[in-house]
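J.: sequence unknown, structure follows:
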């Protein structure tokens, strides 16, 4: 979520000590992952003496991999053996998995426990994520997509520019659109992006930096994307709290299944 509003307190710290596999169990008691598949934390060195982790959910039927980039100050809120951040993408990770996708959640590097806008467009951030992508592609060769939400769209856009050969597509949800932020999506050199791009936005998003009426201008700036689509949606229920936070329209509250199904369906159509 954009940092011009204070975070609601979702933890972005990431523990680097847990390397054991964990079978994901749904509330009903049934395992979402197959008996042969486990999810786990993967930790690697991305820069000299710097480590970064990602949460990995491999899918035997994967048609693509989604690397999820959370908003706010980044991270996954790792606690008690799994990601706990309430961010739209992190709380919806099982839904991505059900759509025949590998799921990876990006953590924060050891030298930057809280990401700011400037870091998200930095060479160090690109180097960290490049190392994560190399690790993922060493496990699964399917196309890799960056999926960002809110502040995560700043990262996804910058990485789509910096890592063009490693990224097969972008999904930007609740994009940071305001020109008041120097690193906002439309202020980056998006004409360099040739990969397919999906913009997914809630019509009622009332966060000052992500207002839906500004989306068309940003969409039009992606002049070299092979394919691009803009989806401005309605739906959901019971928005709560700050309109820039995860449990309001900004975070697609109450319509997570629809949102993820829409996103996953579009990703798959780009890779027949």
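T.: That came through fine. Only a predicted model underlies this, so the values are computations on that prediction, with no experimental measurement involved.

J.: got the residue ranges for the helices in this protein?
T.: Secondary structure of the chain (DSSP state H): helices at 88-91, 93-98, 117-120, 123-137, 151-162, 215-221, 256-269.

J.: relative to helix 123-137, how tilted is the fifth one?
T.: What it means is helix 151-162. Per axes from the mean of the first three to the mean of the last three CA atoms, to 10 degrees, the angle that helix 151-162 makes with helix 123-137 is 80 degrees.

J.: Tell me the helices and strands packed up against helix 151-162.
T.: Helix 151-162 sits against strand 64-69, helix 117-120, helix 123-137, strand 144-149, strand 169-173, with contacts defined as 3 or more CB pairs under 8 Å, 6 or more residues apart in numbering; DSSP states H and E. C-beta: built from backbone N, CA, C; applies to glycine.

J.: Now mean neighbour count and distance to residue 185 too, for the helices of the chain, in CSV please.
T.: Converted to CSV, the helices of the chain look like this (neighbours: other CB atoms under 10 Å; distance: least, CB to CB, whole Å):
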stretch, mean neighbour count, distance to residue 185
helix 88-91, 26, 16
helix 93-98, 21, 22
helix 117-120, 18, 11
helix 123-137, 19, 15
helix 151-162, 27, 5
helix 215-221, 17, 6
helix 256-269, 18, 17
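
J.: Quick check: residue 249 touching residue 205?
T.: Yes: between residue 249 and residue 205 there is a contact under CB atoms under 8 Å: 5.0 Å.

J.: In terms of pLDDT, where does residue 80 sit?
T.: On the pLDDT scale, residue 80 is placed at 88.

J.: neighbours around it, how many?
T.: 7 (other CB atoms under 10 Å).

J.: So what pairs up with residue 199 in the strands?
T.: Counting by DSSP bridges, residue 199 forms beta bridges with residue 172, residue 230.

J.: For residue 95, which of the helices and strands packed on helix 151-162 is the nearest?
T.: strand 64-69 (10.7 Å; CB to CB).

J.: show me what contacts residue 162?
T.: By CB atoms under 8 Å, 6 or more residues apart in numbering, the residues touching residue 162 are 123, 126, 130.

J.: coming back round to it: format the helices and strands packed on helix 151-162 as TSV; extra columns: mean pLDDT.
T.: Formatted as TSV, the helices and strands packed on helix 151-162 follow (pLDDT from 0 to 100):
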stretch	mean pLDDT
strand 64-69	98
helix 117-120	98
helix 123-137	98
strand 144-149	98
strand 169-173	98
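
J.: Kindly reformat those as TSV containing distance to residue 240.
T.: Listed next are these as TSV, based on distance: least, CB to CB, whole Å:
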stretch	distance to residue 240
strand 64-69	22
helix 117-120	26
helix 123-137	31
strand 144-149	17
strand 169-173	19
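
J.: where does the stretch 1-150 of the chain dip in pLDDT?
T.: 1-37 (pLDDT under 70).

J.: ok so, going back, which neighbours do residue 249 and residue 205 have in common?
T.: By CB under 8 Å, 6+ apart, the residues touching both residue 249 and residue 205 are residue 243.

J.: of all the helices of the chain, which lies closest to residue 54?
T.: The closest of these to residue 54 is helix 123-137. By CB to CB, the value is 5.2 Å.

J.: just the contacts of residue 162 now: which is nearest residue 213?
T.: residue 126 (30.8 Å).

J.: dump the residue contacts of the closest one.
T.: 158-159, 162-163 are the contacts of residue 126 under CB under 8 Å, 6+ apart.

J.: For residue 266, state which of the residues you listed is nearest.
T.: Set against residue 266, the nearest of those by CB to CB is residue 159 (19.1 Å).

J.: which residues does the closest one contact?
T.: Each residue near residue 159 by CB under 8 Å, 6+ apart is listed here: 125-126, 129, 146, 167.

J.: Please apply the same query to residue 189.
T.: By CB under 8 Å, 6+ apart, the residues touching residue 189 are residue 161.

J.: Do you know the pLDDT at it?
T.: On the pLDDT scale, residue 189 is placed at 98.

J.: how close does it sit to residue 151?
T.: Going from residue 189 to residue 151 by CB to CB, to the nearest Å gives 19 Å.
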